Each structure stands twice: as C-alpha cells, then as structure tokens.
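K.L.:
Show me how the following folds:
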Amino acid sequence: DVANVIDGNALTSWASAPTGTQKSVSLTVELEATKPIDRVRMLPDAFYPQLFPRDFVIETSENKQSWETVAIEEEFSLSQSTWLSWGFAARKARFVKITAYGLNASHGQSYALISDVQVQEAALSDGRAVLSWIAPGDDGSVGVAAKYEVYRGLTAFDAASLANAELVTGAPAPAAVGALQSFTATGLAGETNYHWAVRAIDKAGNVGPLSQLAVAKTNPVAPAPVENLVAALVGSDGVKLSWTATGDDHKQGRAGSYELRHATHTLGTQNFATATLVPGLPPPKSAGAAETFSLTGLQAGKVYRFALLVRDEEGNTSYLSNVASIATLAPPDEKPPAVVADFELRLPADQGVKLGAQVVASSSAQAPQFPASALVDGKRDSAWASLARTESQLEWVRVDLGDAVVVDRVQLWPSGVQPGLFPPDVEVAVSPDGLAWTVVASEQNLQSQAGSPHVFVFATQTARFVEVRATRLAAHENGLHYAVVAELEIMTALEPPGTLYAAFTAPLDDGASARAAHYELAASECPFTAAGAQTLPTTTPLPAGTPERFRFTGLPQGPLCLAVRSADAAGNMSDWSNIGQAELP
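P.N.:
Below you'll find the model as predicted:
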C-alpha cells in the first residue's frame, strides 16, 4: 500500500502494480502544510533493493498543478537497502511526487518498490541567535519598562563603547517585572561569534544599565547549491563551464572552495564522490559573480557530465549542483564493425518433436520427493507437487527450452498415483525472453485420469520459455489444496516450406554506441557469391555481443549458402562473415 512509505517501518514498502511492459508509475506525498524544503530521502525495500526504480524524477509543488523538478536519476542501480538522499535549493512545497519511468524486472514482471520517503524542512539560510533575559521593571523592580535596546558587535563592547556596537531592531516589548523574555535575531552571518547586550528604557526616557555581554557562535549555514551550471564545447577535446557563485552563507559572502567532478556515465548525488575530480579550480568569487573554468584533454566522442559542490571555510557543504552534459566531437569513423565469425544455419525441427527443457523457476515444490525438475525428467512415475495450501492459490513452473523454437502444443500428464490432484484450472504461457509473456491456452474444470494427458493446442508461437500455471488447485478431502503434475511435454510445430533459421553474435563497432547500424544478409547458390545474391530482411542490430536470430520462409529447395555483413552509422562496411550452408527440403 502507498501509505507504507510514510509509516516509518523499514520492513514495509509500497509496490507499484506489476506490468509486463515499461510504463511510468508515480506516488505523491502530501505534507501537513506548505513549508520550505530542501531534501528528499528514500529507503529501498529491505528484501528487494534491486527493484528500486531505475529511472525516476523527483518533483515538488505547492498546489499539485505546477511542478518543479528537483532531481533526475537515470540508470540508477543498487544492491542493498540504505537511505538515499537528494538535496536541492530550498523551495516552498506542499506536495512531493516521485515518478518512475524505468522499472526493474523480477520473474518477467516490472515493479517499483520503495520502503520509506522522508521530506525534510529546509536548513536555515542565515545565522541566528536566540537571546533570553528576565524583565527588570520600570522603577527598579516595580512596573513595566517602556522598551528595550539590544546591541550586538563582532568584538567586546560596554556602555562607554556602544559606538562600536550595532543597535538591533525588532526587540520585543517589555513584559512585567520578573518575566522571562526571549528574542531571535535573524539575518546574521553563519558560524560567527557575536557579542550581545540589552538594556531597558522607561517612559520618561531613563536608561537602565547595560547588561553583561553574552557571546555565542551562530548556527552553521551551508553555501547554496549552484543551479545554473552550463557546459560549452571548446575545440575537439575541451569544455568551458560557467555558473554563478552562490556565497559562503547560503547566497551571502564568499565561499571557501569548489569541488568539481565529471563522469562519462550517469552522475548524481549517490555516485558523485566516485566521479573524476577536476583539479585546479580557483577560489570562489563573491556571491552573484559569474564564474568560468575550462579544461581540456577529454576523450573524443564521449558524453561528459559535470556537477559541483560548494564549501565554506568551516567545511559546510552545499547540496549538489545541477548536472551539465556535453558531448565531445567524435573523430572521423573509418573503421568498419567487426566481422561476424560464428554465422550458423539451422533447419526447423519436424512437427511433433518433443523438446528438451530445463526447469528454471517454480512457485513452490515438495522437494526432494516431488521437485519441479520431475516435470521434465521423462518419467511419468515421478511428479512435481506444489506445497500443501490451506486455500487455492496460483502455483506455477517455468522451463527453458535452451533456444527459441516454434511450438504449437503442450501435453501435461497427471500423476499415476494421484491423478485427482491434477489442477482443474490450467493456463499455458510462452515467452521468447522470459520477460514478455503471452497466455496461449487456458482450460477450466479439467477431469484427469492416470495415463491420459491433457493436450493444449494453440496457434504457432516462437518461444524459448514455457510456463505452466495452476490457476486453481485441486481440493483434497483433508481440506488442503495441491497441484500435482507428472510430466510436461512441449512439441515443435509444422513450419512453412522453405523455413530456415540463421544465428550469430552481434558484432562490435568502434563508435560510441558500440553496435552496428544495419545488416546485409544475403543468400545465393553454393558456393556463396555476393554478386546477384538475394538480400533477406533483417532488423536493427542489437548491442554488441548479443545473440542475433533470424527466421526466413519461402526459400527455394536445395542447397543454399548464406552470409552476413554489417555497416556502421558512417557507412563503413565489414567483410562477409563465414559462410553458412543448408539443404532445404
């Protein structure tokens, strides 16, 4: 439930609804009132930190209509549950919204999991001092004085040297004699020792004695974060950064130093300390002044991200600046992608061939006597059994065929010993990659007999993974519910004449994307000759090192030779791959 993000319990979480496709999800936290805030903290789920959002935006609003973006994260990843913090320049807000547009997946479904969210009121942007004293009265210890005079100075002073002190405005009206009074002075420099004194004056203008001096240092005030960092390209390997100096105490004074870092990967609050430090920055200028800094020696054809922190002389540090990105110029690309060396052809399997499979996951199993692996061991006298449940629930087993294969039917054999515990409601789902699933068959109210399989026939599908789901369990007379299945058999489908599969590994290009731009896959009579060869349809290349697979139909009977080559975005073409040869029936 979304309320779990504000319950303060690290063992409860909000989880978005599972989705088989990437889509944005969001949660909004409403504060008790509109307040100045400058930090949002989030705690990943204690058990599944890897399901924390991957790409997300944090926004604030006073009215839930207009929103300000205060943090952006891309390709965010983590492996443990620790508090994460995002700081930003103070702003008034009543609502904080976290929108995740990149989710992480578990068992084919994508989620966003967040345990807790904290929104923190903005730190003070000025130095402050709280003074207190006991009201003295008008005539000695009688009556009420007319007013107070409060003085401050950076050095000690007394009644004879009040010219060295500053009269402070806003002092409270005197209270009855003996009352405890206080006064908060604002707008002071941070981390600074001030000397304070107060005296009372009556209605006749008689001035009381100056109190003793009180000396205290004001609270720490960090520099304000830089919000307008901009990067501009200079030449082929240089960049000029510009921003506005913020100050020592928030946006006042002159800070002590800058810490500038850059990275060629995503840069943010959580990984700033591990990015590359840029040395040689000059001391900061006074608040409001324009700052610039140039550096060279950057790699060509790279996207660089820059951010900086501001520190004062006391070591107080601002929140991270905005991230400025710039792409350096790529050198002329004259190198083609690598040559494919593992090009391979395969004919489709005959119709009705039982495929080998390996169990890769299951909802539960009564192992070791009834493990999920029994479903694909080829023995009908063994069986998979789910855990005994007090009520019906979803139970499932997922198998991997080891390769993408065209299938059109699944057979499920009841147990010869417990055929009555075969689940009455079953559905079959297939997936090419274990992430995107399609339900291809569903049956209800099945009646099972030993030695008689249930056959699920469906439209031809290309699948690598198959999942059998018991959507309703069998009820035993003992009051418990089970799913017991002896054997799972997956059969190949009949494919059209002239069907051929080609497989190879996507080649590496030397450009920034590290992948080729397009393929040219051609077929000819054997031996292979590029001139006059038939060009076959392909898709956009996958990232380098990824297995590629293509299925072609309608090819002519007899021996056929195929080869593939690839081109990059600059038009550089690789040599032809090794030649694949097949005899089409």
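
K.L.:
Around Ala483, how many other residues sit close by?
P.N.:
31 (other CB atoms under 10 Å). Bear in mind the C-beta positions are built from the backbone N, C-alpha and C, glycine included.

K.L.:
Just give the closest residue to it, not the sequence neighbours.
P.N.:
Ala470 (3.8 Å; CB to CB, 6 or more residues apart in numbering).

K.L.:
On the C-terminal side of the helix or strand that contains that neighbour, identify the next helix or strand.
P.N.:
If you go by DSSP states H and E, Ala470 is part of strand 454-472. Going down the chain from strand 454-472, the next helix or strand is strand 474-475, by DSSP H and E.

K.L.:
List the pairing partners of that following strand within its sheet, with orientation.
P.N.:
strand 481-482 (antiparallel) (DSSP bridges).

K.L.:
Pull the residues that contact the helix or strand immediately after the strand it pairs with in the chain.
P.N.:
On the C-terminal side of strand 481-482, the closest following helix or strand by DSSP H and E is strand 484-485. Contact with strand 484-485 is made by 370, 375, 383-386, 397, 412-415, 418, 421-423, 468, 470, 474, as judged by CB atoms under 8 Å, 6 or more residues apart in numbering.

K.L.:
Which PyMOL command selects the buried ones in these?
P.N.:
This is the PyMOL syntax for the buried subset of the contacts of strand 484-485, where burial follows 16 or more other CB atoms under 10 Å:
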select buried, resi 370+375+383+384+385+386+397+412+413+414+415+418+421+422+423+468+470+474
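
K.L.:
Could you check how far Ser24 is from Ala100?
P.N.:
7 Å (CB to CB, to the nearest Å).

K.L.:
err, Val484, not the other one
P.N.:
For Val484 relative to Ala100 (CB to CB), the value is 40 Å.

K.L.:
pLDDT below threshold where in this structure?
P.N.:
511-513 (pLDDT under 70).

K.L.:
Quick one: neighbours of Thr169, just the number.
P.N.:
7.

K.L.:
sorry, that was for Ala163
P.N.:
6.

K.L.:
do the same with the one 4 residues further on
P.N.:
Using other CB under 10 Å, Leu167 has 10 other residues around it.

K.L.:
Next: the one 10 residues further on.
P.N.:
For Val177, the tally of surrounding residues (other CB under 10 Å) stands at 17.

K.L.:
Excluding sequence neighbours, find me the nearest residue to it.
P.N.:
Counting by CB to CB, 6+ apart, the residue nearest Val177 is Gly137, at 3.4 Å.

K.L.:
Now do the same contact list for that neighbour.
P.N.:
Counted by CB under 8 Å, 6+ apart, Gly137 has contacts Gly143, Val144, Ala145, Val177, Gly178.

K.L.:
Would you confirm that the residue nearest to Ala483 contacts Leu421?
P.N.:
No. Using CB atoms under 8 Å as the test, Ala470 is too far from Leu421 to be in contact (10.2 Å).

K.L.:
Between those two, which contacts overlap?
P.N.:
With CB under 8 Å, 6+ apart, Ala470 and Leu421 have common neighbours Ala483.

K.L.:
any chance you could map the strands in the stretch 201-350 of the chain?
P.N.:
Using DSSP state E, counting those that start in this stretch, the strands of the stretch 201-350 of the chain run over 214-217, 230-234, 238-244, 257-263, 276-278, 290-295, 303-311, 324-327, 344-346.
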